[in-house]
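>>> Got a sequence here, can you build the structure:
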Amino acid sequence: MAVDYLTGLGMADIEEYTTRLAEYARSRLREIPQVTIFGDAPVRGSLVSFTIDGIHAHDAAQLLDLDGVAVRAGHHCAMPLHQWLNVSPRFAPVSISTIHTPRSTYCMTVCAGPSASFRCEAAMTNDDLEFYREMILDHARTPRNWGLLAAPDFDHEELNPLCGDHLHLTLHVDETGIIREVGWGGHGCAISQASASMLGEKLIGMPLDQARRISRDELLEMVGLQLTPNRMKCALLSLKVLVIGTVGQHLWERIEDGE
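Predicted structure coming up:
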């Protein structure tokens, strides 16, 4: 059915239409100072890849979704190229197709503009907005205990395979089993970085045996926001590192399933 539909439209006509529309999107996005477009080949398809300065791809995707704009975020088929360009995982690609119109493309470029963050904030409840400003952004911008420890007693790192977020956790544990120092590093969206910062503060002074029993609900309560399933994995990445590094994958799978 799909082949019949595309054949009926005419593949040459589809190529011409989507190419012109993608170039229109690029020309609009070039006018936005905080947007960087990737790809300058003279002959290009209808994929428009861009970044928004200071915004992780997951955060940008959620922000644009509030305005009804769908982009992809996280790992993509061109991941090795992203790493070579040193932009992974900040890409937010848009695939222009026959369902798009000049009007919808114009709306997408407007949503990526300077006022996008204000529309994102307006969509939150007052309580969520206040918490996001005071806690999530504070921890994401000025993370506590940032930086890996020398000669750690605990040293483990994990990835979120859905988006490419990476977290590396190190601990100094004394002879009585108490966590005395926390140090961490990595990259990711505001949610994953903030939750790692919050968890690190909680761990200091706690017995390691008690730390490995922190539940997913405890950490999500610290994050304090309603999250989609994908963003929940971002929030739980720091706990994943702690649990797998101290106990193993089998326990983490049970925790992730809510057991």
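
>>> for stretch 251-259, what is the average pLDDT?
Averaged across stretch 251-259, pLDDT comes to 75.

>>> Then stretch 41-56?
76.

>>> what ranges of the protein fall below the confidence cut-off?
Filtered on pLDDT under 70, the chain yields the residue ranges 63, 66-67, 74-79, 82, 87-93, 106-107, 110-134, 258-259.

>>> The spatially most central residue of it: helix or strand, and which one exactly?
Nearest to the geometric centre of the chain sits His58, at 3.1 Å (Cα atoms, centre = their mean). Using DSSP states H and E, His58 sits in helix 57-65.

>>> Please state the offset of that helix from the chain centre?
8 Å (Cα atoms, centre = their mean, to the nearest Å).

>>> Using PDB, list the CA coordinates for it.
Output of helix 57-65 as PDB, limited to C-alpha atoms (Å, rounded to 0.1, in the frame of the first residue of the first chain):
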ATOM      1  CA  ALA A  57      18.900  16.800  22.200                       C
ATOM      2  CA  HIS A  58      16.500  15.100  24.600                       C
ATOM      3  CA  ASP A  59      15.600  18.400  26.200                       C
ATOM      4  CA  ALA A  60      15.200  20.100  22.800                       C
ATOM      5  CA  ALA A  61      13.000  17.200  21.600                       C
ATOM      6  CA  GLN A  62      10.700  17.500  24.600                       C
ATOM      7  CA  LEU A  63      10.600  21.300  24.300                       C
ATOM      8  CA  LEU A  64       9.600  21.100  20.600                       C
ATOM      9  CA  ASP A  65       7.100  18.300  21.300                       C
END
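
>>> Return the distance of the residue nearest to the residue nearest to the centre of the chain when sequence neighbours are not counted relative to Ala2.
Leaving aside its chain neighbours, His58 sits nearest to Cys189 (4.0 Å; criterion: Cβ to Cβ, 6 or more residues apart in numbering). Every residue, glycine included, has its C-beta placed from N, CA and C. In this view, Cys189 and Ala2 are 34 Å apart by Cβ to Cβ, to the nearest Å.

>>> got it, and Ile191?
36 Å.

>>> higher neighbour count, the two?
Ile191 (27 against 6; other Cβ atoms under 10 Å).
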